[in-house]
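**Student:** sequence plus the predicted model coming up.
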Amino acid sequence: MSENISIINNVNTTSTEVKCPSCGASGGIKYDPATSTLTCPFCGHSSELQLPARPAEELDFNAAIQRANVNWGYIKKLIVCSNCGGQTLYDAEQVTGACPFCGSTSVAPAAENEQIMAPNAVIPFTITQEMTQQCFVNFLQKKSRLCEGVMDCKLENITGVYLPYWTFDVDTVTDYVVSTGNYIPEGYTNSQRFSGVFYQTFDDLFVFASDKIRNPYLPKIQRFDFSKAVPYSPKYLAGYAAERYTVGLNDAFERAKKKIPRLIDRDISIFEENAIKCRAYVDKATTTYYNAKYRYLLAPVYIATYRYKKNRFQVAINGQTGQTYCDAPSKWPKMIITLAIAGGITYLILMILITLFPDFFSI
């Protein structure tokens, strides 16, 4: 599907470059989630970043062409990984030699004339890099039969990165027909049909806005509190990379709408069942969408690895909630194999005994 975002050319992206108010340095300044401050590595000056009093604005979907914006607030460079395809934005001064998602060093700058739509909302990091080890340990403590020594592993290559999401609010009106009764392959028993109109509002339906990331654990840690999103400011990104979106606004809205019909069918069935005190099944539903609003939002994660014996494992951590997921070496496979071998040996011995002493086993 073609993208309906018209990029605004000739935008000055250096107008609000993050600089130290004390010494004027711009390189290396980083946002600290623990104190909500920006800290200069050269003079040590810290300035508190006040959270906005208002939430991040949701934009009119139909006015997206007029509202498109490529102003990230300061110079960004786009790095493309030839291994996993990840497209990551860094501060212009930041030096990077590896992809934050797969660790590959096969990265190269994208074309300098690449125009990248800027987000209008961000969920700031609240988990610090120092807290990630405890998040990792907390996750492992919930696992059973871990191999000896796994709990002592330390996270390595910890990288904080903002991931792109589209969120949508939309009102719906659905014309529907339901059947009631007990369903059998031939139809419904004691069936009746009802028609009606159902109104429903959906808030913060989210779509992950990148098809390029290969980390398999990111979908398992996406329970962000989108209500905590604040208006975008480049200061929250100071010192962090940001993955650019590769799923456009139109495609994302179509993906969001695919989630809606089953939710509406479920709620219509519940509504009718409560009204008529009988099972209800949606036969037909036609939904119209209106008042659609969207946000292009960045959400925080940490990507890391740990080494156990000769193997390296990937770890993903939600930078807002600390939710963690990774693979962990377990004793279960060895236990299952051991039990299978023991069962096989027992069966073999039993067969030999039956062959040697048939009279005994026939009693």
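**Tutor:** Received, thanks.
**Student:** do a quick rundown of the helices in the stretch 1-150 of the chain.
**Tutor:** For the stretch 1-150 of the chain, the helices defined by DSSP state H, counting those that start in this stretch cover 64-67, 132-141.
**Student:** list of residues touching the longest one?
**Tutor:** Spelled out, it's helix 132-141. The contact list for helix 132-141, computed with C-beta atoms under 8 Å, 6 or more residues apart in numbering, reads 127, 146, 150-151, 154-155, 158, 302, 304, 306, 315, 317, 322-326, 328. Quick note: C-beta positions are derived from backbone N, CA and C, even for glycine.
**Student:** how far out from the middle of the chain is it?
**Tutor:** With C-alpha atoms, centre = their mean, to the nearest Å as the basis, helix 132-141 stands 19 Å off its chain's centre.
**Student:** what helices and strands are in contact with the strand or helix carrying Ala256?
**Tutor:** Here Ala256 sits within helix 249-276, counting by DSSP states H and E. Under the contact definition 3 or more C-beta pairs under 8 Å, 6 or more residues apart in numbering; DSSP states H and E, helix 249-276 sits against strand 155-184, strand 187-208, strand 280-308.
**Student:** ok, the residue nearest the centre of the chain to Asp169 distance?
**Tutor:** Nearest residue to the geometric centre of the chain (C-alpha atoms, centre = their mean): Gln222, 3.7 Å. Note on Gln222: its distance to Asp169, by C-beta to C-beta, to the nearest Å, is 18 Å.
**Student:** check Leu249 too.
**Tutor:** 14 Å.
**Student:** got it, and Ser210?
**Tutor:** Ser210 sits 22 Å away from Asp169, going by C-beta to C-beta.
**Student:** the helix holding Ala256 relative to strand 187-208, how many degrees between them?
**Tutor:** 140 degrees (axes from the mean of the first three to the mean of the last three C-alpha atoms, to 10 degrees).
**Student:** got the buried residues for helix 249-276?
**Tutor:** 249, 251-253, 255-257, 260, 264-265, 268-269, 271-272 (16 or more other C-beta atoms under 10 Å).
**Student:** does Ile349 count as helix, strand or coil?
**Tutor:** What DSSP: H, G, I helix; E, B strand; the rest coil gives for Ile349 is helix.
**Student:** confidence score at it?
**Tutor:** You'll see Ile349 listed with a pLDDT of 75.
**Student:** what's the closest non-adjacent residue to Gly239?
**Tutor:** Spatially, and ignoring its direct neighbours in sequence, Gly239 is nearest to Lys30 (2.8 Å; C-beta to C-beta, 6 or more residues apart in numbering).
**Student:** show me what the one you found is bridged to.
**Tutor:** Under DSSP bridges, the beta-bridge partners of Lys30 are Thr39.
**Student:** nearest to Cys23, out of the helices of the stretch 1-150 of the chain?
**Tutor:** Nearest to Cys23, of all the helices of the stretch 1-150 of the chain, is helix 132-141, at 29.9 Å by C-beta to C-beta.
**Student:** show me which positions of that closest one end up buried.
**Tutor:** Neighbour-count burial for helix 132-141, counted by 16+ other C-beta under 10 Å, picks out Thr132, Gln133, Cys135, Phe136, Phe139, Leu140.
**Student:** stretch 232-247 too?
**Tutor:** Using 16+ other C-beta under 10 Å as the test for burial, stretch 232-247 gives 232-245, 247.
**Student:** and if you look at stretch 79-91?
**Tutor:** Ile79, Val80, Cys81, Cys84, Gly85, Gly86, Gln87, Thr88, Leu89, Tyr90, Asp91.
**Student:** could you do stretch 318-327 as well?
**Tutor:** For stretch 318-327, the neighbour count (16+ other C-beta under 10 Å) marks Asn318, Gly319, Gln320, Thr321, Gly322, Gln323, Thr324, Tyr325, Cys326 as buried.
**Student:** name the SS class of the fourth one, please.
**Tutor:** In the three-state summary, Thr321 is assigned as coil, counting by three-state DSSP.
**Student:** contacts only, for it.
**Tutor:** Taking C-beta under 8 Å, 6+ apart as the test, what Thr321 contacts is Thr126, Ile127, Arg223, Phe224, Asp225.
**Student:** quick check: closest non-adjacent residue to the fourth one.
**Tutor:** For Phe224, the nearest residue in space outside its immediate sequence neighbours is Ala299; the separation is 4.9 Å by C-beta to C-beta, 6+ apart.
**Student:** next, count neighbours for the one you found.
**Tutor:** Residues lying near Ala299 (other C-beta atoms under 10 Å) number 28.
**Student:** that one contacts Trp166, doesn't it?
**Tutor:** No. Because the distance of 11.2 Å does not satisfy C-beta atoms under 8 Å, Ala299 is recorded as not touching Trp166.
**Student:** ok, Arg193 to Val177 distance?
**Tutor:** Per C-beta to C-beta, Arg193 is found 6 Å from Val177.
**Student:** between the two, what contacts are shared?
**Tutor:** Common contacts of Arg193 and Val177, defined by C-beta under 8 Å, 6+ apart, comprise Asp283.
**Student:** pick out whichever of those two has more residues nearby.
**Tutor:** Just comparing Arg193 and Val177: by other C-beta under 10 Å the higher neighbour count belongs to Val177, 15 against 12.
**Student:** that older thread, now do the same contact list for the residue nearest to Phe224.
**Tutor:** Val122, Ile123, Tyr162, Leu163, Tyr165, Gln222, Phe224, Gly319, Gln320.
**Student:** 10 Å - rerun?
**Tutor:** Shown in contact with Ala299 (C-beta atoms under 10 Å, 6 or more residues apart in numbering): 119, 121-125, 161-165, 167, 206, 208, 221-222, 224-226, 228-229, 318-320.
**Student:** which residues does it form a beta bridge with?
**Tutor:** Counting by DSSP bridges, Ala299 is bridged to Leu163.
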